[in-house]
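A.B. asks: Quick one, fold the following:
(2 chains)
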Number of protein chains: 2
Amino acid sequence: MASHADFAEKLRPAPPDGATIINHERQRSDLDADQLGQYLHGKTYIERQHRILAIIKKEKLFDKSQQANLSRPDRYKLGLARGKRLRQLQDVHGWDDEDFLMAEYLVDDVQPYHLHISLFTAALREQSNDEQRAYWMPKVASWEIIGAYAQTELGHGSNVRGIETEARWDPQSQQFILHSPHLTASKWWNGTLGRTATHAVVVAQLLLPGESDDSNAKYTSHGPHPFVVQIRDTKTHLPPSSIIVGDIGPKYGYAPMDNAYMLFDQHRIPHSALLSRYSQLDARTGAYTKSKNPSSLYGQLTRGRAVIAMHARLVLARAATVAVRYLSIRRQFHDRDDPHKKGPEVSVLDYSTVQIRILPLLATTFALHYSGLAMRQLYERTRNSSVSDGDRVSDNADVATLTELHSTSAGLKSLATELAANGVETCRRAMGGHGYGGGTGLVQLNADYLSKPTVEGDNWMITQQVAQYLIKKVKERAHSLKSQALNKTEEYLKDYLYSRTREPKFRVLGDDAAIVQAFNWRMSWLVSLQNREMESQSHIFLPYSQAMLVSNFHAAISSSAVQELPTTTRTVLTDLFRLFALHTMDLEAREFQNSGAVSSDTLDAISDTVLTIMTNIRPHAVKLVDAWGLPDYLLDSALGRYDGRVYEDLFHRAHVLNPLNKTTFNPDYRNNEIVMGSGDAGQIQAKL
Amino acid sequence: MASHADFAEKLRPAPPDGATIINHERQRSDLDADQLGQYLHGKTYIERQHRILAIIKKEKLFDKSQQANLSRPDRYKLGLARGKRLRQLQDVHGWDDEDFLMAEYLVDDVQPYHLHISLFTAALREQSNDEQRAYWMPKVASWEIIGAYAQTELGHGSNVRGIETEARWDPQSQQFILHSPHLTASKWWNGTLGRTATHAVVVAQLLLPGESDDSNAKYTSHGPHPFVVQIRDTKTHLPPSSIIVGDIGPKYGYAPMDNAYMLFDQHRIPHSALLSRYSQLDARTGAYTKSKNPSSLYGQLTRGRAVIAMHARLVLARAATVAVRYLSIRRQFHDRDDPHKKGPEVSVLDYSTVQIRILPLLATTFALHYSGLAMRQLYERTRNSSVSDGDRVSDNADVATLTELHSTSAGLKSLATELAANGVETCRRAMGGHGYGGGTGLVQLNADYLSKPTVEGDNWMITQQVAQYLIKKVKERAHSLKSQALNKTEEYLKDYLYSRTREPKFRVLGDDAAIVQAFNWRMSWLVSLQNREMESQSHIFLPYSQAMLVSNFHAAISSSAVQELPTTTRTVLTDLFRLFALHTMDLEAREFQNSGAVSSDTLDAISDTVLTIMTNIRPHAVKLVDAWGLPDYLLDSALGRYDGRVYEDLFHRAHVLNPLNKTTFNPDYRNNEIVMGSGDAGQIQAKL
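C.D. replies: Numbers count the residues shown, from 1 in each chain, chains lettered A, B, ... in the order given. Below is the predicted model:
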């Protein structure tokens, strides 16, 4: 590191510098970013972020400046140390769960305990009977044990029913025998399990003696069931010889996480290991009983998907923040109308070719926000109206709403993660050369976030569920046109089926409600075109989810909460709605045209309208990303700094922080020495 | 590492295993993959790959299994060691340039000497006068000096004229004074310069005394010029105090490359430093002379773009190879028509929802191949017909062809890199869970390749050049409808302008030539719609480049070379052409409809036709990727292995090769120890 003074210290960026430019950007918009931020996040969230940030920033362990230089094994070690420190801070400051999650979010590096606090805790809580809960939950809460959730296998992902791991009931010893019959039965991908966990909830085929229609089989499978299993010794942290467990190695992103493989060789566990809330095995009689399908699990799934969508909007907001701030500072080429080329070059964000890549993504952050919010509220409303014993959805629950919720949440999760993952990459590329550097603060985010469209099964698999729901609905509707629509989706389909022969050609350019109608018309048209062929079904998911985003966005900007905001804010929110909706419509124009939802002439006029809307939004772009309130510590981005000191920070990271510059190397190819004067020939090869 | 025997050793994948499946895949197609490979690559290429691979694979230093576990500084060290070894092997085996490039390609890890052998060598060769060439080229060839090319700056990328670094001529001392007036003048991104290079070609504004129309200025800028500069001491490898130079730090991919920053503080260099092939300064009189614009540079650029396109097809072929092999082995869910669910689950590649993501990309590898080849041949033809003194394009050169070549090559480069970068990611996502693991062999490729759409300026900037060329052409055509078309593009535009009032509605489903016509009609229609507004111009590039890919693909499958291939091969190549063209048309259907190129009914029928074509191609998919001949050593992929032993390899990488499994950790959060029993509390924090 160049800690000595050198001539770089006296150098400043060529004027106008970033700080001056970004001040000017903020001055020229009268949007109240703080107020918009409060409206978006709520006071509780903002207070929490502020409070936790102050604590986290003080800790050396959470300094991000060197982590990209560490080896994968060191990244795991750092993750473990950070996880410990987070938990220690929780004890010290009395953090609740939301506080802890905020701390994890700000540190922005997954920690190896993550599956303990998420899936392991949830699985034990939801699947245990009361006795098991009383036994396990205190150990889980105190981190006396560290757990993981072991479901997916080397050969089996989305199709849970196909997993191979067996839990055979041995009536003699009153034990289950866990066994992996093939290599493909190895548990795989299970986070926190590779090196960290002492316990795991293991999902295995429950094999019970007898009763098979195949006379050769002594055992019958009753399908996948959850078992809680100690996998490592409390003192030595080593597994028994009947368990093989380890970390699967480097992957896309998530360097600190120990994703696992695990095999069992006739490993015996007690009767009490079977988590028995929904399925019970009588140890003495061997009688198996199964409860009704637990609808509450759907609720959990829905809530999880709303969380993923809300997270997706922050991920995208982060990329948009970096892109908007940097591209308003970055100058490139002179204005064509400035023949003398004497003034500063043009702000890159003033080029409409750049705006069309960034501003619709900025609008998308708001679209995701309102749908995530709507989903969360819908989940809570459903839960309150339908929960009887605090755990299961009662028989009186509004099944129609629940089914719709399951379907819309799946659609939202898929589209939100895909929009965010693609959007981060679009922002990165729009930043040209520097977009490819570590100074974006998006390198790790990009790698980490690429997994999201895969989490909880491939998005393409999920979309099949959505399509199946819609096709079923449209068939029901077609058979009983006049029956009452039980939810919004049914209403849209009903409206369409009533008047399908006409082509409404909604006048979307002057009328926001017409935009919503056009999206729902096109969705209904496509759904009613489909048959049960799997290949067609994927075409339905996107129109359906886009219509949902547009509908929720429109409902939100028409709400009373928005009417209380200042005129500028309201106008900008409306512009963002129009930009999101019309830009999406432009991308999918042919379907709008062929469905008769919008006329070809109107569709042709959209791109000019979009240009005008972007011109309206442009002066507020910096204030809009400010409103998301993402702190510099989270962004960790030279390009996206709040104060605009882009070039100073890029240079500092290179010249002061980069450890490679501490060392002088020997470039002579005839000499195998690498570090000049060290005589280290062969040392680096020994690490292979 | 688990080197001891354990119970995992006796486990095999559940039947049918990957090796059995992939053998079956190869048996059921009568496509001759070797022959197709020879047709694609030529014998010379295949012999070279075979010969170099045998040498590389023997070297421990080129073992890839641990590099993802190394820290960034170690990645640089490894890169330097590998670069040295490559050059040593070149000496030992007498490799020519093509051999060396093949070795680099197979090792598949950029080495820090790369800019020495590429841009530095090219710049010195092209820009030096004869005397300078005689002095420098032997030193370059022997690696006595190691050079870099320093053009882009912290504040200046695509707009080369805007760079800030100054080279002021001092008549007194007859020296140039290199100086960085601001921080933004810092050279930035320049590969090989950060830690490795001893020399650099530095691009700086040439400032000469007097002659300014601004009476205050003592110097006039004559624009950017190249200077060759020694930047580090031959013995100590340290820069002088008037130069600050270092590595910019971690970024997306390219971990072994030392991309640089560099500043000058009144650094003096001799008169001979100005590379004087095209500009000369008389040291005694101070007289400045400039030659005609060197057209040969355009040739260089074009050749470089053809190379990028040919590389893009191999990158995409790599991702497609991994995806096709793995997805034909991977099984998921039973066939709906198999109610007993007793047989093996369905091959994932048999789902049309998966085929539609992968097979068009497989077709794209061929599309890129034929256009890359056409570009290379066109470049060579132009060069041969236009070179007079072996260096400059003569005045008699066919300027029309050259201009078209410049434009088509820019379009091809942009589209090829974008299709490849996006295609790699699509393949990755289509592989579900395992697509996110290190076993894909695509983690590093993905990160490295993401830079390509940015190299040589943002693709979006390049596309502007294409658009400007086309708009100019269509205006010329419109003014003189009958003048002779000088190249293909002019011909297409001419045809369109002649008959623009009719809507041809080409019958693309039964007639391959009609497909080509439809693409060129739609392109011409869009070009003639455009005005000079920058925002519209980006709409032209894609149709233009797509039309080029389709035209070249069609020309290739209609050629005599293809007629000599066996029927199966010819049929499959034709199916690949149709798949690429019709799938692209489907994605852009509205433009084909609105331009009148294809009727709406025909467009609606495309998706069914595409499904049929994919069904035809599916049995040959594995053989088709085999034909690209990518060796396992290059792929470094458990999922994409030639022998199909996917699960065995994934498990081996995790259980045997992953160093993290050598260590036992302490998960107790109350204890800051990380490695169990080591008492290492605080050690990892010290690395931050």
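
A.B. asks: quick one: stretch A:665-679 near chain B?
C.D. replies: Yes. On the criterion Cβ under 8 Å from any Cβ of the partner chain, stretch A:665-679 is in touch with chain B at A:665-667, A:669-672, A:674-676. Bear in mind the C-beta positions are built from the backbone N, C-alpha and C, glycine included.

A.B. asks: out of the residues you listed, who's nearest residue B:258?
C.D. replies: Within the residues of stretch A:665-679 next to chain B, the smallest distance to residue B:258 is 8.6 Å, found for residue A:665 (Cβ to Cβ).

A.B. asks: give the contact list for residue A:679.
C.D. replies: With Cβ atoms under 8 Å, 6 or more residues apart in numbering or on different chains as the criterion, the residues that contact residue A:679 are residue A:673.

A.B. asks: Give me the secondary structure label for it.
C.D. replies: Following DSSP: H, G, I helix; E, B strand; the rest coil, residue A:679 is assigned to coil.

A.B. asks: before we move on, what about residue A:224?
C.D. replies: Secondary structure assignment for residue A:224 (three-state DSSP): strand.

A.B. asks: close enough to count as contact, it and residue A:204?
C.D. replies: Yes. In this structure, residue A:224 is within contact of residue A:204 by Cβ atoms under 8 Å, at 6.8 Å.

A.B. asks: what sits in contact with each of those two?
C.D. replies: Counting by Cβ under 8 Å, 6+ apart, the contacts common to residue A:224 and residue A:204 are residue A:163.

A.B. asks: Please give the element, helix or strand, for residue A:423.
C.D. replies: Following DSSP states H and E, one finds residue A:423 within helix A:399-430.

A.B. asks: Out of the residues of stretch A:665-679 next to chain B, which end up buried?
C.D. replies: Buried members of these, scored by 16 or more other Cβ atoms under 10 Å in any protein chain shown, are A:665-667, A:669, A:672, A:674, A:676.

A.B. asks: by contact count, what packs against the helix holding residue A:423?
C.D. replies: On a contact count with 3 or more Cβ pairs under 8 Å, 6 or more residues apart in numbering or on different chains; DSSP states H and E, helix A:399-430 meets helix A:296-329, helix A:352-386, helix A:443-449, helix A:459-479, helix A:488-498, helix A:534-557.

A.B. asks: what helix or strand is the residue lying closest to residue A:113 once chain neighbours are set aside on?
C.D. replies: Counting by Cβ to Cβ, 6 or more residues apart in numbering or on different chains, residue A:113 lies nearest to residue A:83, which is 4.1 Å off, once chain neighbours are set aside. Assigned by DSSP H and E, residue A:83 belongs to helix A:72-93.

A.B. asks: Low-confidence stretches in chain A?
C.D. replies: Within chain A, the stretches with pLDDT under 70 are A:1-4, A:211-217, A:293-300, A:335-342, A:383-400, A:451-462, A:530-538.

A.B. asks: can you list the domain ranges for it.
C.D. replies: A:31-111, A:147-291, A:298-623 (automatic domain parsing).

A.B. asks: Mean neighbour count for those domains - can I get that in TSV?
C.D. replies: Shown next, in TSV, are these (neighbours: other Cβ atoms under 10 Å in any protein chain shown):
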stretch	mean neighbour count
domain A:31-111	18
domain A:147-291	20
domain A:298-623	20
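
A.B. asks: Same list (these) but as a markdown table, adding distance to residue B:600.
C.D. replies: Shown next, in a markdown table, are those (distance: least, Cβ to Cβ, whole Å):
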| stretch | distance to residue B:600 |
| --- | --- |
| domain A:31-111 | 43 |
| domain A:147-291 | 37 |
| domain A:298-623 | 7 |
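
A.B. asks: hmm, back to that, of all pairs in the residues of stretch A:665-679 next to chain B, which one is the farthest apart?
C.D. replies: Once Cβ to Cβ is applied, the residues of stretch A:665-679 next to chain B give A:670 and A:675 as the farthest pair, at 16.3 Å.

A.B. asks: Near chain B, which residues of the stretch 101-250 of chain A are found?
C.D. replies: Residues of the stretch 101-250 of chain A lying near chain B by Cβ under 8 Å from any Cβ: A:112-113, A:143, A:146, A:152, A:154-155, A:157-159, A:162, A:164, A:180-186, A:188-189, A:194-198, A:236-238, A:241-242, A:244, A:246-250.

A.B. asks: any chance you could map the strands in the stretch 51-200 of chain A?
C.D. replies: Using DSSP state E, counting those that start in this stretch, the strands of the stretch 51-200 of chain A run over residues A:147-150, A:166-170, A:175-179, A:187-190, A:199-209.
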